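Participant: missing the sequence, but the structure's below:
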């Protein structure tokens, strides 16, 4: 049975998120990626395999080296999924900003006294 992978499975793991972050800066070979982690090289290879299966990373052979490249377009699935949440929070922050501005523009003349405990 073939395992179907998606972008959300890929970003669920912190090691894979770190690998993706590293690849945003430049292409790296597998050994360069592995040097940044305290896990085995085969474990890194498994993480890279998952990233390639879901389309976030491609691997190109250059001589004896295999280089990993980020495929950022695939991250649009995550961005599309997050968009309604982003809009919701923007609306809430806008309302909070308006409330704070209103409070600053209309300060109370007397501050309520606190009760002593």
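Facilitator: Thanks, I have it. This one's a predicted model, so the numbers in the text were calculated from it and none came from an experiment.
Participant: Going by C-alpha atoms from here, please, whenever you check contacts or count neighbours.
Facilitator: OK.
Participant: Could you chop the protein up by domain?
Facilitator: Domain assignment for the chain by automatic domain parsing gives 7-72, 75-105.
Participant: Let me have the ones you listed in TSV, adding distance to residue 116 and mean pLDDT as columns.
Facilitator: As requested, those are exported to TSV (distance: least, C-alpha to C-alpha, whole Å; pLDDT from 0 to 100):
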stretch	distance to residue 116	mean pLDDT
domain 7-72	48	93
domain 75-105	26	89
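Participant: any chance of those domains in JSON lines, plus mean neighbour count?
Facilitator: Shown next, in JSON lines, are the domains of the chain (neighbours: other C-alpha atoms under 10 Å):
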{"stretch": "domain 7-72", "mean neighbour count": "16"}
{"stretch": "domain 75-105", "mean neighbour count": "11"}
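Participant: Ok, which of those domains comes nearest residue 114?
Facilitator: domain 75-105 (19.5 Å; C-alpha to C-alpha).
Participant: What separation do you get for residue 38 and residue 44?
Facilitator: Distance, residue 38 to residue 44, by C-alpha to C-alpha, to the nearest Å: 10 Å.
Participant: per-residue pLDDT, residue 115?
Facilitator: For residue 115, the pLDDT comes out at 69.
Participant: Residue 6: what's it in contact with?
Facilitator: Residue 6 sits next to 53, 54 when contact means C-alpha atoms under 8 Å, 6 or more residues apart in numbering.
Participant: Offset the numbering so it begins at 2, please.
Facilitator: Sure, I'll start numbering at 2, so the last one becomes residue 7.
Participant: backbone phi and psi for it, please?
Facilitator: With angles defined as degrees, to the nearest 10, residue 7 sits at phi -130, psi 170.
Participant: what's the answer for residue 107, then?
Facilitator: Dihedral angles (degrees, to the nearest 10) for residue 107: phi -130, psi 70.
Participant: How about the secondary structure of residue 68?
Facilitator: Assigned by DSSP: H, G, I helix; E, B strand; the rest coil, the conformation of residue 68 is strand.
Participant: Could I get the phi/psi values of the residue nearest to it when sequence neighbours are not counted?
Facilitator: For residue 68, ignoring the flanking residues on the chain, the nearest one in space by C-alpha to C-alpha, 6 or more residues apart in numbering is residue 30 at 4.1 Å. Per-residue torsions, residue 30: phi -80, psi 170 (degrees, to the nearest 10).
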